[in-house]
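S.K.: what would the 3D arrangement of this be:
(one chain, ligands or ions: 1)
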Amino acid sequence: MSRLSSPVAGPSSEPDAIPGSDGSDPFLDGAGFFPGLPPGYDDCTTRSAVVVGGAMAGLAAAHALRRVGYSVTLAERQSYAEKRVNCGEAITDASLLPLEKTLENGFPCATSAFEVRVRGDGGTTSASFPSAQGYVADRNIVERRWAHRLAGEGVAVREETAISNTDFEGLLDEYDLVVDATGQPSLASRAAGATEEYAGAMTAINADVEGDFSELYPRALILFEGYLGYAWCFPKSETRANVGIGWAKQDLPDDFMAAFAAACERNGWPAPSRKAANVAIIPRGPSLDPQRTYDARGLVRVGDAAGIANRFTGKGISQAIHSSYLMAALAAHDRLPEYPRRLHGTMRPEYALSYLVRGTLEDGRLDLLGKIIEAVDGIDVERVDRSPREALSRLARRPALCVRLLACPAIRRRTIRALRDDWEYARREPDSTSERLSAASLGEVLPVLGWRQ
Ligand SMILES: Cc1cc2nc3c(=O)[nH]c(=O)nc-3n(C[C@H](O)[C@H](O)[C@H](O)COP(=O)(O)OP(=O)(O)OC[C@H]3O[C@@H](n4cnc5c(N)ncnc54)[C@H](O)[C@@H]3O)c2cc1C
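M.R.: This next block holds a predicted model:
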């Protein structure tokens, strides 16, 4: 019997009852992009699963697998009472979480819109992305409450349980299904000595600060200011916000803290203390080959472990939950081998759009980035990722902008590579052929995204 099997109580220091559950279940109700559930779906009662990593992806996986009848053990290396989360904490589709959106459950701010400002040589361009289901959360509280709820529903929640590389291999013999939800670089990659298969492209520093955010609240702000990266201010109330800044590896400052303080000063945000600031890597791909998200021995990767965060923004919470719900629905259908194809199929348009837009930043074309955000102004922030065709068709309605974009060789090359996926995986570096692709190839690939020339 492994140490995971020993009886341990669920997360402590919480009240017995979880107030405020409205009874709905986003997994069962069909939110997300999974293929529905078969009749008798909850009949997987003889099957066992262990979920390693108890953040957003892991909690969602434990929730959904429990719903389809698995006996589930969840192992998280930190304690939920003291969990440290390095994140901007903006959850752009909070309807995916089976928790009522109360302060007590960690949802202080229903964010009405995400403002994006691009400050270039020619002035500032702004756009606003409404957010029907967006919240800026106290993510540590959300995770604690969700874990507590899972424990009440029969999931064996093991906190302060770090699974080692060696333990991990043993889990494959012990459980029918092993879910790797350990983020990046994932435990499966670490166990295989393959951590280089992920490439977090940005280093970020952020903190929860107190100050006057009454002008912005309940909106959130993302700023592009001329360096290779962006800053954010996500208010949780009129007096509290998560502020942060991230730089691509080509443009890292010598002193992160000084650069963060300078960004706070020029934007009128209070500068955090060094102690309050977290430094983390924002995962943005290129990353994992889809085939590596499922292993026929019964190992599946979800969330950041599957390498699915947005390639432009690094946003990955709703992506993580989607992947876990998709995985559990396929497990209930006995169709897990389809997971890589289905996951990649649902994410691919988002990858392509975000890689393309990121190219404007990487090429220092803030003028084009500003024009793109103006063109897609007003689309719900979550829909930009989930339905990129809408954003692309907005762009297509601006032929002058398309011509400017496609006149730029680097952006043209990126468009082709994005649509062909040949930029994506560390193990499948593009060869010189793709570098030499001509504009004529666009006619072949643009219809993939519904973009009519
Ligand atoms: C600075 C920053 C800001 C961000 N801001 C946002 C944002 O505002 N909105 C958004 O949507 N996304 C944001 N992201 C991305 C987002 O944080 C991730 O995409 C998301 O957290 C992925 O969730 P996950 O559960 O897959 O992985 P993680 O959040 O990385 O969780 C992995 C979990 O596994 C546990 N674990 C790891 N190893 C082991 C082990 N060996 N044994 C047991 N447990 C283990 C960890 O303790 C952790 O709890 C941000 C990322 C960064 C770095």
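
S.K.: so what's residue 401 up against?
M.R.: If you count contacts by Cβ atoms under 8 Å, 6 or more residues apart in numbering, residue 401 has them with 368, 371, 372, 375, 395. Every C-beta, even on glycine, is put in place using the N, C-alpha and C of the backbone.

S.K.: rerun that using 7 Å as the cut-off
M.R.: Taking Cβ atoms under 7 Å, 6 or more residues apart in numbering as the criterion, residue 401 is in contact with 371, 375, 395.

S.K.: any idea how far the second one lies from residue 363?
M.R.: Yep, that's residue 375 we're talking about. 18 Å (Cβ to Cβ, to the nearest Å).

S.K.: more neighbours: these two, which one.
M.R.: The neighbour count for residue 375 versus residue 363, taken as other Cβ atoms under 10 Å, is higher for residue 375 (19 against 16).

S.K.: give me phi/psi at that one?
M.R.: When quoted as degrees, to the nearest 10, the phi and psi of residue 375 stand at phi -70, psi -30.

S.K.: for the residue nearest to residue 27 when sequence neighbours are not counted, phi and psi?
M.R.: Nearest residue to residue 27, sequence neighbours excluded (Cβ to Cβ, 6 or more residues apart in numbering): residue 64, at 4.5 Å. With angles defined as degrees, to the nearest 10, residue 64 shows backbone torsions of phi -70, psi -40.

S.K.: how far does stretch 48-66 stretch from start to finish?
M.R.: With Cα to Cα, to the nearest Å as the measure, the ends of stretch 48-66 fall 10 Å from one another.

S.K.: is the ligand contacted by that stretch?
M.R.: Yes: with Cβ under 6 Å from any ligand atom as the measure, stretch 48-66 is seen reaching the ligand through 52, 53, 54, 55, 56, 57, 58.

S.K.: could you do stretch 305-321 as well?
M.R.: Yes: contact between stretch 305-321 and the ligand, assessed by Cβ under 6 Å from any ligand atom, occurs at 305, 309, 314, 315, 316, 317, 320.

S.K.: now that stretch: buried residues?
M.R.: Applying a neighbour-count criterion of 16 or more other Cβ atoms under 10 Å, one finds 305-321 buried in stretch 305-321.

S.K.: mean confidence score for that stretch?
M.R.: In this model, stretch 305-321 has a mean pLDDT of 92.

S.K.: can you list contacts of it?
M.R.: When contacts are defined by Cβ under 7 Å, 6+ apart, stretch 305-321 is touched by residues 56-57, 60, 91-93, 96, 180-184, 186, 188, 198, 202, 282-285, 287-288, 293, 302-304, 323, 343, 347, 350-351, 354-355, 357-358, 382, 385.

S.K.: next step: these restricted to helices.
M.R.: Secondary structure defined by DSSP state H assigns 56-57, 60, 188, 323, 343, 347, 350-351, 354-355, 357-358, 382, 385 of the contacts of stretch 305-321 to helices.

S.K.: does residue 325 touch residue 65 like I think?
M.R.: No: under the criterion of Cβ atoms under 7 Å, residue 325 makes no contact with residue 65, lying 10.0 Å away.

S.K.: these two: which is more packed in?
M.R.: residue 65 (28 against 25).

S.K.: so that one makes contact with residue 50?
M.R.: No: counting by Cβ under 7 Å, residue 65 sits too far from residue 50 to count as a contact (9.9 Å).

S.K.: give me the buried positions along stretch 170-186.
M.R.: Per 16+ other Cβ under 10 Å, stretch 170-186 contains these buried residues: 171, 175, 177, 178, 179, 180, 181, 182, 183, 184, 185, 186.
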